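Asker: what shape does this take:
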Amino acid sequence: MIGDHGRVVGNVARAAIVSNRRITGLSADVIVELVAELGPLWHERHQAKLASRPWKRAVGAGAKHRLVFVDRLLATLVHLRHGATHDVLACWFDVDRSTITRAIGEVRPLLAERGCTVSPGVRLRTLTEVVDHLGASGKTGIIDGTKIRVRRPAARTGTSSSPARASRTPSRPWSAPTRMAGSCSAVRPGPEAARTSPTPAS
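Answerer: Residues are numbered from 1 along each chain as shown. Reported below is the predicted structural model:
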């Protein structure tokens, strides 16, 4: 069980994510370490942001967080590992989509600051080079291989259809000590979506 500022993880979503390592790529012990390390930092920055506002609320006033830090962390980890949409995560955690968007925007920089570095002078151009580098350094990482579909030009010639062109964003390695490991495996292209319609020859 994982505590978050006095609250104990007990709902189905949190329990499912923490108990199944395949969902985040991290063990429950590592998640506990992340909560203990990043939770206070997130709280500190949140309070500093509130204090910077021109108007102040009385202590204890205002809306309460529907998503405590451990949930924000788990939602971010699932998003980074699987590319789950904010809508899906919002449904899973029973909150508004905007809450998930804000949570990921707050937690992702904390994860990056915690340890997402590549040694100076190291240039990793391909996924294979990234995997080899992480293996040689005794580290593992999280690879962002989000697929982005590129629209074809409107004017085309020919009588046969062809696959829509697709590209991937450059893989961005997140490396950290092995005990803080995420996942790092070869990215396999998924099934192509819609194909372009045949266009009569001119």
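Asker: average model confidence for the helix or strand containing residue 109?
Answerer: For residue 109, the enclosing helix or strand under DSSP states H and E is helix 97-115. If you average the pLDDT over helix 97-115, you get 89.
Asker: same thing with stretch 30-42?
Answerer: For stretch 30-42, mean pLDDT is 91.
Asker: repeat for stretch 67-77
Answerer: Averaged across stretch 67-77, the pLDDT comes to 91.
Asker: what's the helix or strand for residue 38?
Answerer: Judged by DSSP H and E, residue 38 forms part of helix 28-51.
Asker: next structured bit after the worst-scoring helix or strand of the chain on mean pLDDT?
Answerer: Taking mean pLDDT, DSSP states H and E as the measure, the chain has strand 7-8 as its least confident helix or strand, at a mean of 38. The helix or strand immediately downstream of strand 7-8 is helix 12-19, counting by DSSP H and E.
Asker: restrict the helix or strand just after that next one to CA atoms and write it as CSV.
Answerer: Sequence-wise, the next helix or strand downstream of helix 12-19 (DSSP H and E) is helix 21-24. Extracted in CSV, the C-alpha atoms of helix 21-24 (Å, rounded to 0.1, in the frame of the first residue of the first chain):
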residue,chain,number,x,y,z
ARG,A,21,4.4,-3.8,-13.2
ARG,A,22,3.6,-4.1,-16.9
ILE,A,23,1.4,-1.0,-16.6
THR,A,24,4.1,1.5,-15.5
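Asker: name the residues that touch helix 21-24?
Answerer: For helix 21-24, the surrounding residues in contact (Cβ atoms under 8 Å, 6 or more residues apart in numbering) are 16-17, 27-28, 31, 74, 77-78, 81-82, 182. Where you see a C-beta, it was placed from the backbone N, CA and C, and this is true even at glycine.
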